[in-house]
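K.L.:
Next comes the sequence, and after it the predicted model I'd like to discuss.
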Amino acid sequence: MTAITERQQLAYAERQAAEVRVSVELETDEGMTLNIGPQHPATHGTLRLIAKLDGEQVVWADVAPGYMHRGYEKLTEVRTYPQVTTLINRIDWLGSFANEVPFILAAEKLMEIEAPPRARYIRTILFEMARIANIVLFLGDLGVQLGAVTPAFYAFRDREHVLDQIEAVTGGRFHPNFDRIGGLKDDLPKGWIADTKAVMVRIRSFCDEIEDLLFGNEIFEARTRGIGVVPADVGLSYGLTGANIRASGVDWDLRRDGPDVGLAHRDVDWRVWTHPDGDSFARCWVRLQETREATKIVDQLCDGLPSGPIMAKVPRIIKVPAGEAYVETENPLGAMGYYIVSKGDLGPFRTKIRSASFSNVSIVPWLLRGVYVPDIITILASLYFILGDIDR
Amino acid sequence: MSGAPLATALMTAVELSWWQQTVLRSIGVLVAVLIPAGTLVYVFLFKMMSFMQSRLGPMEAGPYGSMQLLAEVGKWIQKEDLVPWRADRKLFALAPYVVVLSVFLIYLVVPFGPDAWFTNLDTGVFWIMAVSSISVVGILIAGWASANKYSLLGGLRAAGQLIAYELPMVLAVLGVVIQAGTLNLQDIVAAQHEGEIFGWGFIGNPYILTQLVGFFIFLVATQAELTQTPFDMPIAESELVSGYMTEYSGMRFLLFFIAEFATAGAFSAVAATLFLGGWSLPWVDLDADYMNVIGPIVLLAKMMLVAFLIFWVRFTYPRFREDQLQQLAWKILIPLSLVNILATMVLKVAF
Amino acid sequence: MSELLRSYLTAGVFLGVAVALVAAVMGLGRLIRPNRPQPEKYINYESGVDPAGSGWGQTQVRYYLFALLFVLFDVEAVFLFPFATRAEAYDWFGAVEAGVFVVILALGLLYAWKKKVLRWI
Amino acid sequence: MVAQNIFFYLFAAVMVASAIAVVTTKNVVRGALYLIVVFAGVSAQYLLLTAEFVAVTQVLIYIGAIMVLMLFGIMLTRAKIGQEVNLTNANWAVGLLTSVLLLAVMAYALIDHFGDDKLPDDLRLDQVAGSNTATVSDAIFSQYLIPFEAVSVLLLAALVGAIVIARKDR
Amino acid sequence: MAKLPGSKVPGLVKGLGVTLKTMARTTFPSRGIKTLIPAPSKGAATVQYPHEKETPAPRARGVIALKEDNCTVCMLCARSCPDWCIYIEGHKDTAPPRRPGGKPRTVNKLDRFDIDYALCMYCGICVEVCPFDALFWSPEYEYSELRLADLLHDKERLGEWMQAVPDFEPYEAGSEQKVRKVPR
Amino acid sequence: MLNQFLLLGAVLFCIGVYGALAKRSAVMVLMSIELILNAVNINLLAFGANAGDPAGAVFALFVIAVAAAEVGVGLAIVLIIYRNRQSVDLDDASMMKG
Amino acid sequence: MGLVESGKLPKPLTSLLNTARKYSLWAYQWGLACCAIEMGAAFASPRYDVMRLGVIPLPASPRQADVVVISGTVTDKMVPAIKRLYEQMADPKYVISMGSCTNCGGPYWDSYSVTKGIDQIVPVDVYVPGCPPRPEALLEGIVLLQQRIGSEDMASRWRGDPIVVS
Ligand code: SF4
Ligand code: SF4
Ligand code: SF4
């Protein structure tokens, strides 16, 4: 093995010491501490959760994030706009295309460019397909977390088809790098729309399957109903967004209630689902319904796809005029926004990324107090965060 | 002459001394343990699960992956097996043996044909209940000796669960015993073959008909005893890594693995014997000699049937939470089986 | 020696053989398996960070209570088995006696239930 | 008969050895495991005495149930691994003395009284239907009916008592 | 939403139904008369990789192919690559005149054109910016290596990928894009 | 032949007595008591076999039942002692009343 | 000290053992970043179904794993955990490095918090390129690993001296 460099050895030793310290001071007082993560099988990605148990009951819990911190906000300062676009695919790696959109929109806002309608429609279609790819995986993963292996396989089986469609357009299975300031990189290939509609049918049948297999299952209900209840006000004060807050009965969706950022959601009819309970079951259920809605949205957009160019007039070398802009959209995980500060050169001067998962996990310590060990997993799974989206 | 040998033919052909026979038979049992276990793993864990998920399962190792198991064994043999520093070495090594042996001892009393059985204990069923409860000790040791939180929690959960479901199982069996009026498995099979349901003895009386409740209780209990979904809390991967097996690797882990599926085979065999008429076929003369050959096949078939149910559930359901699991045992199964016993007694005496 | 003993002796011999075989395979493994000690190989697995504390936790009394319930009912079952083999012979008398026996213990279960022992504390 | 004797002494040796280990070991969990060995031996002795049913019961109750209970108890009281505390109290000498004397007296009495008794050549505890279980059952349901019912009451009492105690102050 | 819509049958049973159905479909794919013969390898959604391979979409970004003749060492790609994983060296050279009698031209010849696929993030910017149609995406994906160094593809290797570059597909109705051609 | 069983019983009994007297940990004391009970059982069965009478077996069963009950209650008490003051040491248990 | 390390194993036996190892690779379930999803697809998607190759993604504890696919961005904070997990796996053990990040930093080549290449920490057997590599690419990597195992001389690997990564 290539020898570890001096620097790394030092850093290594340091970090180990730090870990020990955490553990030890946790151990000093009564009860036992349980380390879930950094690579506990349950957390895809590497959230580390430290829980202090009394028997099987959690008396105190906290999240130790940062295992996936890649310094995005710093990196964006040394990249040009096209390069940033491809980089930020990797923030929420399941709904990649959805990450590009708000950034591009913010840049367009600064440059006062309007993407042509066809581009806007295709953007929205891909946006929603990203949501589907994302949440379908969630539904499968949910089963695994609860001990049912089969749903995961079904989820991956049908997700593949969505990815195929995305790849057919963008060339990337889930890192598309397809959105451009002022439009899109390329247009749809022939026969794509027909295929997509077929896929949407598949997805809908998948939703029914999952509903029979998982959501209808009494055991599943027993595991999730009344577990990890988030009251609306608490949720709001912790800054929950997306399905998590809608599951607490707050009827609020940026796609409908936010400012018109230039996506085509307002041209089609669909509904925002909410659930009064605010427990784990509600969160999962709301997501299931959102998937169905997303398929409907895609179908309608495919029908109403206008013809025309996909790119507005933009200079070959993109320089964004000085200024500041903030745009956020309803991403699969919740509200995601970019605050861009530009000094008028090739790349942004400063970017602040508001990612949904970060605020979603911030409620975990509050939520986990007094629950049983098995419920930790249920709750984490139903909150549905993505590590890259927490740590950036 | 001792309790009749594995096959009378063997006896008549060569007049073996009692010891040689016994050793031979013991090896026979080992085979009888490993073959079903292997079949279960391949047929159900690999193939059936894959098909249920529209996959193929192992394909490369041998035609249709039939050599997969050999590969597994070969791999595990050459896998280093580690003992954590803080573990209690002796007990850590002991635990897998205890678990495996308790399984082997179950097979000892299951009859495969009129003369094809290993030892014909007068206390058959009772013996099974007794030896199957030994594995709890093994699991507790494993969890304790690993000196690992996941292991300890897992071990305690496993033990708590096993004993909680041992009881419904015993009580469900009790119903059968009352009906058959004997503990001896051979006699129970006979009783089912000759028995009649309220005077109507067309296909004999496989107790699944009259003891339906008992059968379901037994199945649920089996599922729990095997720590399979929906009762796989002790080895809940997404919660307690692998429960009491977390620290085990190499051969020792393989032992646990074998034990798990051997137990599955054992309990399905027992269920088949107690509720499905064991090796006997309706309308076929019980002590015909050829049953010594057909009997094992029949039993295996019935066994697979039960196992299919068990694994089908395993691959479909999410898992219970610890408390729900205990409540199911104490608040539903046990009262139910008590009622079942009382009812059986009354009926038995009434008719 | 008597039938009975022989049939159990079979069990004994079988145990011996089983242990021998397993041990043999273990020995084989010892022969062909590698052994590469590495600094952290023998630390307990705890999701990749240093195990916090001694790996020992106080477990809940509820485990004990369930175990207790189990023991007592197990004893009950033991007494029922001999009865079961002879239920016919005793006719109603036996049925009643055994019924009383079961019911009395069922009362115990009921008590535990009412005392909320069966709920996960 | 000879075989019986061989096995008897075999088991007896193991039992006594592990029984001593039980009272001398420093690790409670190990002690419990030695105890299990003793119980297994006892059950074997029952077999030699042709008390089949009791032998299996011994396994089911003592090993399968009581010892599990014990282990739970031990783990509840935090037996630490590799923990070598001195489990013997100050006046162990007295205990030793007492038991040795006791043994001497009993041994004398036994040998003196039963020195030459033989067990009937073929022990048969299975008069009824050739089944030991049935025999036991008949015995219970004939002259020992009252104790039988009493046992159920006893168990009930134990249950209630244990619950009351263990659930105190929680 | 206290209860789920239309769960008259207990969910447990329904679940079993779903898995059983899938199993049946996998084992006995509907193939007309031959349905009754179990054929899992047809029924399963599996593409048995080493033996059969699915063809990725033509646009799939698998590996970058270099059309060496088209490359005028302009370095645009190298400079716009976010990972700086393209290494280009070139020298000026004189080529015979196009028309006889004309004066010889100076052209840029590639000495070195390496892409380090251990570092490349497959963003496609290089392909996009290349003004002279010298870089193309090929859906090929099978070039894992035992040694990290082998992931650095030099211009010969990159040139070989050209065979694997598919033609550009026509566009969906209503598009105004022109379909480009791949130089062969 | 008979008294070899009786002697075995006696030996176990005495070991049990020693343990019961000499052990500090309450759990160990309970175990020793189990030893004693088993010794008794062996004698019971030995006599029963001697007389060819199932009574021995029956009483052995009763003893087992009693033992089960005894362990249950005993351990419960131990637990209380332990919970009240994190130790199962009988020496200081006897010191403070309750 | 086993026969294997001393290299005193007859050739056919060696190849037999190799074959056994080759077709029974228990993969540790462990995802780091985006690549983990593609790994998940390779493991759990019926279309790819890695189980066919004998790679069984059952074990949840490193003790029972033979191969670990390090899939995704490795941050400096993650490194010690990875190292420990690798070392806690029982020999023989193999590592597949999946994706540009794991190979040498990838998109984060200039980030302050990302480790540029996992092979600085643990010996890697197979490098799978891509960002993310498509599931088939991972399958190809696994096939490659199987070939490597099939033709490997265990003695040299297990004689205790660390594997040199060139
Ligand atoms: S694809 Fe992107 S990262 Fe790769 S070489 Fe081209 S520009 Fe660089
Ligand atoms: S951009 Fe195109 S032409 Fe310029 S150097 Fe790169 S490959 Fe060659
Ligand atoms: S290589 Fe690419 S896809 Fe894989 S983890 Fe890194 S950024 Fe994500």
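P.N.:
Received, thanks. Ligands and ions are numbered 1, 2, ... in the order given.

K.L.:
Show the contacting residues for whatever residue of the stretch 51-200 of chain B ends up closest to chain D.
P.N.:
Nearest residue of the stretch 51-200 of chain B to chain D (CB to the nearest CB) works out as B:S133 at 2.9 Å. The C-beta positions use only the backbone N, C-alpha and C, and glycine is treated the same way. B:S133 is in contact with B:102, B:162-163, B:166, D:59-60, D:63-65, D:68, counting by CB atoms under 8 Å, 6 or more residues apart in numbering or on different chains.

K.L.:
Please list only the buried members of those.
P.N.:
B:102, B:162-163, B:166, D:59-60, D:63-65, D:68 (16 or more other CB atoms under 10 Å in any protein chain shown).

K.L.:
ok, back up a step: pick the one among the contacts of B:S133 closest to ligand 3.
P.N.:
B:L162 (42.3 Å; CB to the nearest ligand atom).

K.L.:
where's the closest one, which helix or strand?
P.N.:
helix B:149-180 (DSSP states H and E).

K.L.:
Could you do B:F215 as well?
P.N.:
helix B:212-225.

K.L.:
is that helix up against chain A anywhere?
P.N.:
No: Helix B:212-225 lies out of reach of chain A by CB under 8 Å from any CB of the partner chain, never closer than 12.3 Å.

K.L.:
Quick check: buried residues in that helix?
P.N.:
B:213-225.

K.L.:
Check whether stretch G:37-56 comes near ligand 3.
P.N.:
No: Stretch G:37-56 stays clear of ligand 3 (CB under 6 Å from any ligand atom), getting no nearer than 7.3 Å.

K.L.:
gap between that stretch and the chain center?
P.N.:
Offset of stretch G:37-56 from its chain centre (CA atoms, centre = their mean, to the nearest Å): 14 Å.

K.L.:
tell me the mean pLDDT for that stretch?
P.N.:
For stretch G:37-56, mean pLDDT is 83.

K.L.:
That stretch spans what distance, first to last residue?
P.N.:
17 Å (CA to CA, to the nearest Å).

K.L.:
Any part of that stretch near chain E?
P.N.:
Yes: judged by CB under 8 Å from any CB, stretch G:37-56 and chain E are in contact via G:46-49, G:52-53.

K.L.:
Now do whichever helix or strand C:V96 is part of: which elements does it pack against?
P.N.:
Assessed by DSSP H and E, C:V96 sits inside helix C:61-114. In terms of contacts (3 or more CB pairs under 8 Å, 6 or more residues apart in numbering or on different chains; DSSP states H and E), helix C:61-114 is packed against helix B:149-180, helix B:334-350, helix D:52-57, helix D:67-76, helix D:132-142, helix D:145-166, helix F:55-84.

K.L.:
Help me see whether the first one makes contact with chain F, please.
P.N.:
Going back to what we said before, that points to helix B:149-180. No: Helix B:149-180 is not in contact with chain F by CB under 8 Å from any CB; minimum separation 13.2 Å.

K.L.:
Next secondary structure after that helix?
P.N.:
helix B:185-194.
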